[in-house]
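Participant: Give me coordinates for this.
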Amino acid sequence: MITTPAASVPARASAELLARIVAQFEPDRLRVVEVPEWGRPDEAGELVPFKVCHLPVTLADMSKMHARRDGWRDTMFDRSLWLLMNKAADETGQLIFNPDRTTDEGKADFEILATKVDPFIITRIAAAMIGG
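Facilitator: Modelled structure (predicted):
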């Protein structure tokens, strides 16, 4: 017979397990995805990949991503864009992209990423963010 966790696990044991699970996940540690295609040469002419940093993608993030209803479609590409717009940061933890920022030509970061950037690089970064 399966019992509910409240009835079968003492509160202390449950709290200890949750603490171990959180410690393993390291929710405050920035992860890094290297993107060679977005890199630039250093002083010696060697290519230095661009680093997309991010906090780990949580189930709460994924729920927000799938709940989008403001013009986004629930496709792999839109989910990938959502992740980049909402999680991609520089090495200091500052978000790289801003949904409210527009260029001199009046294009928003989202529009540029959606129409002028290789979608397979975007999805590769998003997959690494989810898996990493």
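
Participant: Under the pLDDT cut-off, which ranges of this protein? List them.
Facilitator: For the chain, the stretches flagged by pLDDT under 70 are 1-10, 68-73, 132.

Participant: Just the helices from it, written as ranges.
Facilitator: 5-8, 11-25, 59-66, 76-87, 109-116, 119-131 (DSSP state H).

Participant: Need the winner for burial among these.
Facilitator: Burial of those is given as mean neighbour count (mean count of other Cβ atoms under 10 Å); helix 76-87 ranks first at a mean of 19. For the C-beta atoms, the positions are set from N, CA and C on the backbone; glycine is no exception.

Participant: got the contact list for that helix?
Facilitator: Helix 76-87 is contacted from outside by 52, 54-55, 57, 61, 64-66, 68, 72, 95-97, 99, 109-110, 113-114, 119, 122-123, 125-127, 129-130, using Cβ atoms under 8 Å, 6 or more residues apart in numbering.

Participant: about what we covered before: quick one, which of the helices of the chain gets closest to R40.
Facilitator: For the helices of the chain, the distance to R40 is smallest for helix 119-131, at 15.4 Å, taking Cβ to Cβ.

Participant: Quick one: work out the angle between that closest one and helix 76-87.
Facilitator: Interaxial angle, helix 119-131 versus helix 76-87 (axes from the mean of the first three to the mean of the last three Cα atoms, to 10 degrees): 60 degrees.

Participant: and helix 119-131, what does it pack onto?
Facilitator: When contacts are defined as 3 or more Cβ pairs under 8 Å, 6 or more residues apart in numbering; DSSP states H and E, helix 119-131 packs onto strand 31-41, strand 47-54, helix 76-87.

Participant: Quick one: list the elements packing against the shortest one.
Facilitator: Applying 3+ Cβ pairs under 8 Å, 6+ apart, one finds that strand 47-54 makes contact with strand 31-41, helix 76-87, helix 119-131.

Participant: now those in CSV, with distance to A13?
Facilitator: Formatted as CSV, the helices and strands packed on strand 47-54 follow (distance: least, Cβ to Cβ, whole Å):
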stretch, distance to A13
strand 31-41, 30
helix 76-87, 33
helix 119-131, 30
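
Participant: And the ones you listed: which comes nearest Q24?
Facilitator: Nearest to Q24, of all those, is strand 31-41, at 14.0 Å by Cβ to Cβ.
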